[in-house]
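*Asks:* just a sequence and a predicted model for now, questions to come.
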Amino acid sequence: MPRRHHFHLDHLGHSITVNIRSGVSRDVEVLVDGKEVVHQRVRAGSSVLTAELPEDPAQPFQIRIHQPRFGSSVPQCVLSLDDVDRTMPSRLVA
């Protein structure tokens, strides 16, 4: 049965959300202010996704995800913005 994990941070007036659906395939979506900016299928292990905050000029950021290859451990999600890494808090979604 697939599991979904939800990560969220508010930063610089923007809402940044990462949703991961784990199972046979792993789909990741990144939302900024409720709008999807990245949707990608990833493998177990570590992945890096890039997107931008809608600023003038646009402000790029990275989402680093580490998903355990085995077991039921919760993935780790880190927002990297302005050369600062912020661990995104998670919660399991039924």
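*Replies:* Good, I have the coordinates.

*Asks:* identify the residue nearest the geometric centre of this structure.
*Replies:* Residue closest to the mean C-alpha point of the chain, counted by C-alpha atoms, centre = their mean, is residue 18 at 3.4 Å.

*Asks:* ok, the one helix or strand that residue maps to: who's next to it in the sheet?
*Replies:* Assessed by DSSP states H and E, residue 18 sits inside strand 14-22. For strand 14-22, the paired strands and their directions (DSSP bridges) are strand 3-11 (antiparallel), strand 26-32 (antiparallel).

*Asks:* send the alpha carbons of it over as PDB?
*Replies:* Taking Å, rounded to 0.1, in the frame of the first residue of the first chain, the C-alpha atoms of strand 14-22 are listed here in PDB:
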ATOM      1  CA  HIS A  14       5.900  31.900   0.500                       C
ATOM      2  CA  SER A  15       4.400  28.500   1.300                       C
ATOM      3  CA  ILE A  16       6.600  25.700   0.200                       C
ATOM      4  CA  THR A  17       5.200  22.200   0.200                       C
ATOM      5  CA  VAL A  18       6.600  18.800  -0.800                       C
ATOM      6  CA  ASN A  19       4.400  15.800  -1.200                       C
ATOM      7  CA  ILE A  20       5.900  12.300  -1.700                       C
ATOM      8  CA  ARG A  21       3.900   9.200  -2.600                       C
ATOM      9  CA  SER A  22       6.000   6.200  -1.700                       C
END
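
*Asks:* so how far is it from its chain's centroid?
*Replies:* 5 Å (C-alpha atoms, centre = their mean, to the nearest Å).
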